[in-house]
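Novice: Sequence plus predicted model, see below.
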Amino acid sequence: TSSSYPYSSPMVFWYTTLYAIPYNGKFIVGRTKPWNILTLHPDYDAAKNHEDRVAALRLVKDLLGTQENQAQLKTLKDSYPCAIVVPVHAIEANGRNKIPVILAEYIACKNQFDVCTEIVQTNLVHRTGSDAWHHFAFRPEFDGKVQKGRHHILIDDVFSNGGSFSELRWHIEKNGAKVVQTAAISTGGHGDEIALSSTVRKGLLDRHNETQLYSFLKEINLYEGNYKCLSNPEAYALAKTPTLDEARNRIATARLEGNSRMGESRSQGRETTVTRTSNQRTIKR
């Protein structure tokens, strides 16, 4: 571990068992580190925003090199010996975030897993550091060939609202494969529970009935109207909102503000798009 890095204590690698849609599981490791464990790392900016693979590898090794982490990786291998790891190929304002890719390669190397490089995010959503309503307004979209019948493990650098995992999982499972685990280095403000908990589900249904939720989720093109597919943080945000009309207004406001910010990025020449060339995806800035 780098001696200049202030957090030398063990970094918990965590994951959850997921069955068929909807979620039916929880992260089984309770102790996780907050998001700033990443942002304070000296290699974070280069790895996150400037596509620096070497910086990303240093960061991953710093945070996952403990005995505890290695034992968890072995458990993952023992549970799913023939799994495919799928990183969230996230598009950031300044380029592709390399942390999930390098984390996936690190886990695959340790466990002799396959790494899927064909499934990619195809849009720019500017979600880092944003609130739940921005996450509802700007959903990541994924495209790419899925290996049917195989177990898939989803990899990201941070779990916050669960939208990236959920959308990636939706793409994989609707194309005939199964997501069995998710993994990340740290969590945002909602903790490490991705599955819709009984407590949050009750609060959601006490606030809004199932018919209303179905219509609302269909309207915003989310999970084909199935509220059971909401992540725990997504459901919590809706459960705390007095009416779904207010939720609509918050999402609309977030969309306007997000489009304005993205317009400023485009005017400053920082737009990133993904185009398809034959069977490959290329990045253009």
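Specialist: Yep, that arrived. Residues are numbered from 1 along each chain as shown.

Novice: where are the low-confidence patches of the stretch 1-150 of the chain?
Specialist: In the predicted model, the stretch 1-150 of the chain carries pLDDT under 70 at residues 1-34, 90-95, 127-129.

Novice: That one: helices as residue ranges?
Specialist: Along the stretch 1-150 of the chain, the stretches classed as helices by DSSP state H, counting those that start in this stretch are 36-39, 44-49, 53-64, 67-79, 99-111, 132-137.

Novice: and these as JSON lines, adding mean neighbour count and distance to Ser164?
Specialist: Placement of C-beta: from N, CA and C, glycine included. What follows is the helices of the stretch 1-150 of the chain, written out as JSON lines (neighbours: other CB atoms under 10 Å; distance: least, CB to CB, whole Å):
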{"stretch": "helix 36-39", "mean neighbour count": "17", "distance to Ser164": "15"}
{"stretch": "helix 44-49", "mean neighbour count": "20", "distance to Ser164": "14"}
{"stretch": "helix 53-64", "mean neighbour count": "20", "distance to Ser164": "17"}
{"stretch": "helix 67-79", "mean neighbour count": "14", "distance to Ser164": "20"}
{"stretch": "helix 99-111", "mean neighbour count": "22", "distance to Ser164": "9"}
{"stretch": "helix 132-137", "mean neighbour count": "22", "distance to Ser164": "9"}
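
Novice: Any chance of CSV for those helices, columns distance to Thr182?
Specialist: Shown next, in CSV, are the helices of the stretch 1-150 of the chain (distance: least, CB to CB, whole Å):
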stretch, distance to Thr182
helix 36-39, 17
helix 44-49, 19
helix 53-64, 15
helix 67-79, 11
helix 99-111, 11
helix 132-137, 16
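
Novice: can you give me phi and psi for Leu196?
Specialist: Main-chain torsions, Leu196, degrees, to the nearest 10: phi -60, psi 110.

Novice: how near is it to Thr122?
Specialist: 27 Å (CB to CB, to the nearest Å).

Novice: Neighbour count: the two, which is higher?
Specialist: Taking neighbours as other CB atoms under 10 Å, Leu196 and Thr122 compare with Leu196 leading, 23 against 17.

Novice: Report whether Trp170 is found in a helix, as I expect.
Specialist: Yes: when DSSP: H, G, I helix; E, B strand; the rest coil is applied, Trp170 is found to be in a helix.

Novice: thinking again about what came up before, which among the helices of the stretch 1-150 of the chain is found nearest to Asn175?
Specialist: Proximity to Asn175 (CB to CB) singles out helix 99-111 among those, at 19.0 Å.

Novice: Against which helices or strands is the lengthiest helix in the chain packed?
Specialist: Using DSSP state H, we find that the single longest helix of the chain is helix 244-267. Applying 3 or more CB pairs under 8 Å, 6 or more residues apart in numbering; DSSP states H and E, we find helix 244-267 packed against helix 132-137, helix 210-219, helix 232-239.

Novice: now do 6 Å
Specialist: helix 132-137 (3 or more CB pairs under 6 Å, 6 or more residues apart in numbering; DSSP states H and E).

Novice: For the stretch 151-285 of the chain, give me the ranges with low pLDDT.
Specialist: The stretch 151-285 of the chain contains residues with pLDDT under 70 at 189-191, 262-285.

Novice: Great, nothing more from me.
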